[in-house]
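Q: no sequence on hand, only this structure:
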């Protein structure tokens, strides 16, 4: 791309996906062309746009959807980026090596070259993080993998402004608020939540709002604000934390 500008236009593709991989690819290309025509300079597909979103289930057959990076999809998208002179962020279920898979994003520059690959890991599928089938944020937050991820974020803040994205319109309905953002704040990182209407909310204000939503008082002569927040987060965790129905069934048997 040319030298970085102070302002640029981002296009975000959101579309309905079918079971037909090629139809999804064709539709994404159509939407990317439309975004470029409307002035977008950096365009991102939605997550795993080549199929209906499947990360809520465990099915070995789904590994057949994976492909390599570079591969067939990035080849098509690189040509498109070069033609339209736009940068593309392309979400792909990646087969990195035998038995190694990632929910990845390939970043293609406006000349079609590969700028880099972001490889996302989902919550580890480890029964030790669960109790009665429900993931326990406290256990997960103390794991070596989670702590390592936090420190990677901290290292990044020394050079970049970082954004953590999730799909929920309400930050308090997302595990990233209760788990990731809370842990970052404890390490001294300033966290601001962006609402669906574009308004901003500090993490402290979000926690105060959570306390009130749950019907708790945010003023207690005998308990600190941190203790009240911990109780509110524990209550909210029970409402929104992921439940593995197979593990729940095993625990109930």
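A: Happy to help now that I have it. From a predicted model like this one, the values you see are computed outputs, not experimental measurements.
Q: contact partners for the nearest residue to residue 68 once chain neighbours are set aside?
A: Excluding the flanking residues, the one nearest residue 68 by Cβ to Cβ, 6 or more residues apart in numbering is residue 95, at 5.7 Å. Where C-beta positions appear, they are placed from N, C-alpha and C, glycine not excepted. Residue 95 makes contact with 63, 66, 67, 68, 101, according to Cβ atoms under 8 Å, 6 or more residues apart in numbering.
Q: export these to TSV and tack on pLDDT?
A: Shown next, in TSV, are the contacts of residue 95 (pLDDT from 0 to 100):
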residue	pLDDT
63	89
66	94
67	95
68	96
101	87
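Q: which of those residues fall in strands?
A: Of those, the ones assigned to strands by DSSP state E are residue 101.
Q: got the contacts of residue 95 as JSON lines, with distance to residue 154 columns?
A: Putting these into JSON lines (distance: Cβ to Cβ, whole Å) gives the following:
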{"residue": "63", "distance to residue 154": "33"}
{"residue": "66", "distance to residue 154": "31"}
{"residue": "67", "distance to residue 154": "33"}
{"residue": "68", "distance to residue 154": "31"}
{"residue": "101", "distance to residue 154": "27"}
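Q: buried ones among the contacts of residue 95?
A: 66, 67, 101 (16 or more other Cβ atoms under 10 Å).
Q: isn't the second one up against residue 76?
A: No - shown here, residue 67 and residue 76 do not form a contact pair, counting by Cβ atoms under 8 Å, at 11.4 Å.
Q: closest one to residue 131 out of the buried ones among the contacts of residue 95, please.
A: residue 101 (26.7 Å; Cβ to Cβ).
Q: pretty sure the closest one contacts residue 68?
A: No - in this structure, residue 101 is not within contact of residue 68 by Cβ under 8 Å, at 10.9 Å.
Q: identify the contacts common to these two.
A: What both residue 101 and residue 68 touch, as defined by Cβ under 8 Å, 6+ apart, is the set 94, 95.
Q: quick one, what contacts the residue of the chain most remote from its centre?
A: Distance from the C-alpha centroid of the chain, by Cα atoms, centre = their mean, peaks at residue 221 (38.4 Å). With Cβ under 8 Å, 6+ apart as the criterion, no residue contacts residue 221.
Q: how close does it get to residue 228?
A: Using Cβ to Cβ, to the nearest Å, residue 221 is found at 12 Å from residue 228.
Q: tell me where the stretch 101-250 of the chain has strands.
A: Secondary structure of the stretch 101-250 of the chain (DSSP state E, counting those that start in this stretch): strands at 114-120, 130-131, 134-135, 192-194, 200-202.
Q: now those strands as JSON lines including mean neighbour count and distance to residue 51?
A: Shown next, in JSON lines, are the strands of the stretch 101-250 of the chain (neighbours: other Cβ atoms under 10 Å; distance: least, Cβ to Cβ, whole Å):
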{"stretch": "strand 114-120", "mean neighbour count": "13", "distance to residue 51": "16"}
{"stretch": "strand 130-131", "mean neighbour count": "18", "distance to residue 51": "27"}
{"stretch": "strand 134-135", "mean neighbour count": "18", "distance to residue 51": "25"}
{"stretch": "strand 192-194", "mean neighbour count": "15", "distance to residue 51": "28"}
{"stretch": "strand 200-202", "mean neighbour count": "13", "distance to residue 51": "34"}
